[in-house]
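*Asks:* With the sequence up front, the predicted model follows.
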Amino acid sequence: MQYVKGDINLLIAVSHGGRNSITGNVLRKDGCLDSDGECFYSQTDCLFPDIHLCDITLLSDFNTDILGEMIAAQVEEALGGLKPHLLICRKHRKYIDVNREIEEACMGDANCEEVYHDYHNQFYAILKTFKPRGLIIDFHGQANGQNSTEFGYRIDKDVIDNARAHNDNLDATSTLNALLREGASM
Ligand SMILES: [Zn+2]
């Protein structure tokens with residue numbers, strides 16, 4: 001994990017751009033179905049993974065580590081030297097996925113869990129300094145074949161689908177709109 005302390009209520013987080021290994025080099029693997037039909041993830045107890053229903057992603061979000069650093073530098077320049085907080089998980093996604101619950105993230109590997117807790121403890125320590133509010137920009141890659149930039153505003157997929165079906169406007173429920181309502185400005 002790499003953390004650069006910032007001066008403003010903005011966190012740039014990169015969870016899937018890591019390139020390094022974790023002590024022990026234990027690779028994550030697909031999960032198994034339990035008797036209730038739920039996926040579970042374990043290095044020791046999942047002997048016959050369900051590669052369709054409980055598959056995981058081992059690919060990194062390529063170059064998002066570099067992108068996060070570049071954008072943090074641009075923000076600092078634009079704000080006359082004020083830095084955003086920058087948090088990058090430097091471990092490769094095949095060893096850890098800090099963007100999942102800890103069971104799927106680490107599958108019981110103790111070295112992985114240590115990294116996981118470091119990342120999340122730092123993440124929430126930063127959020128605690130955001131008073132009254134702040135903004136998190138969580139960088140990810142996508143592989144949909146379009147050369148495009150996609151934005152997410154913490155609106156669930158089914159809410160978006162439902163709104164599309166009824167021609168509803170979703171702006172009011174977005175994270176950015178919540179900030180604007182509280183008087184935030186750029
Ligand atoms: Zn990602």
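*Replies:* Received, thanks. Values in this document were obtained by computation on a predicted structure and should not be read as measured data.

*Asks:* L179 falls within a helix, correct?
*Replies:* Yes: counting by DSSP: H, G, I helix; E, B strand; the rest coil, L179 is part of a helix.

*Asks:* Domain-wise, how is the protein divided?
*Replies:* 2-150, 151-186 (automatic domain parsing).

*Asks:* which one of those domains lies closest to the ion?
*Replies:* domain 2-150 (3.4 Å; Cβ to the ion). Backbone N, C-alpha and C define where each C-beta goes, glycine included.

*Asks:* That closest one near the ion at all?
*Replies:* Yes: Domain 2-150 reaches the ion (Cβ under 5 Å from the ion) through H16, D61, H140.

*Asks:* would you turn these into TSV with pLDDT and secondary structure?
*Replies:* What follows is the residues of domain 2-150 next to the ion, written out as TSV (pLDDT from 0 to 100; DSSP: H, G, I helix; E, B strand; the rest coil):
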residue	pLDDT	secondary structure
H16	97	coil
D61	95	coil
H140	95	coil
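
*Asks:* Where do the strands of the chain begin and end?
*Replies:* All strands of the chain, identified by DSSP state E, fall at 2-4, 10-14, 32-33, 39-40, 85-88, 135-139.
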